[in-house]
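Q: need a structure here:
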Amino acid sequence: MSTARRARVDAASTAHMEARLDRTLAALADPVRRRGIELLAERPRRAGELAEELSLSPAAMSRHLRVLRDAELVQEEHPPFDARVRIFSLRPQPMTALKAWLADAEAGWSEQLTAFKAHVEGG
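A: Alright, predicted model coming up:
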């Protein structure tokens with residue numbers, strides 16, 4: 001693969017990862033969705049159970065779950081005994097990517113603070 005092509009592939013991959021991170025952060029910006037994620041971290045739940053726990057109408061819960069699904073934070077399954085029932089569970093990949101991004105950002109901050117401290121103490 002040529003250097004120019006590799007650079008384009010890397011840029012496209014980076015753009016895709018940034019877009020996924022943006023979707024994750026946007027989905028988690030809403031406190032109701034964050035609480036839904038906390039509930040799903042305990043165990044998978046039916047959509048109706050989530051709505052009841054969060055004091056939401058089924059329609060409002062459906063809208064929140066759609067955002068979480070679109071951000072790939074949750075997955076939906078239908079049990080074989082009843083296709084009308086929707087059970088939601090967490091998908092680990094977006095949170096893993098978010099944690100990696102946060103670790104990189106924290107490392108950058110630490111480096112900057114260390115450099116600033118050295119500058120202040122040396123000057």
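Q: helices along this structure, start to end?
A: Along the chain, counting by DSSP state H, helices occupy 3-28, 31-42, 47-53, 58-70, 92-122.
Q: only the buried residues of the longest one, if you could.
A: Counting neighbours by 16 or more other C-beta atoms under 10 Å, one finds that the buried residues in helix 92-122 are 94, 98. All C-beta spots, glycine's among them, are computed from the backbone N, C-alpha and C.
Q: cool, the third one as well?
A: Within helix 47-53, the residues scored as buried using 16+ other C-beta under 10 Å are 47, 50-51.
Q: and it, what other elements does it pack with?
A: Packing partners of helix 47-53 (3 or more C-beta pairs under 8 Å, 6 or more residues apart in numbering; DSSP states H and E): helix 31-42, helix 58-70, strand 87-90.
Q: which stretches of this protein have low pLDDT?
A: Per-residue confidence for the chain (pLDDT under 70) gives these ranges: 1-2, 4-13, 123.
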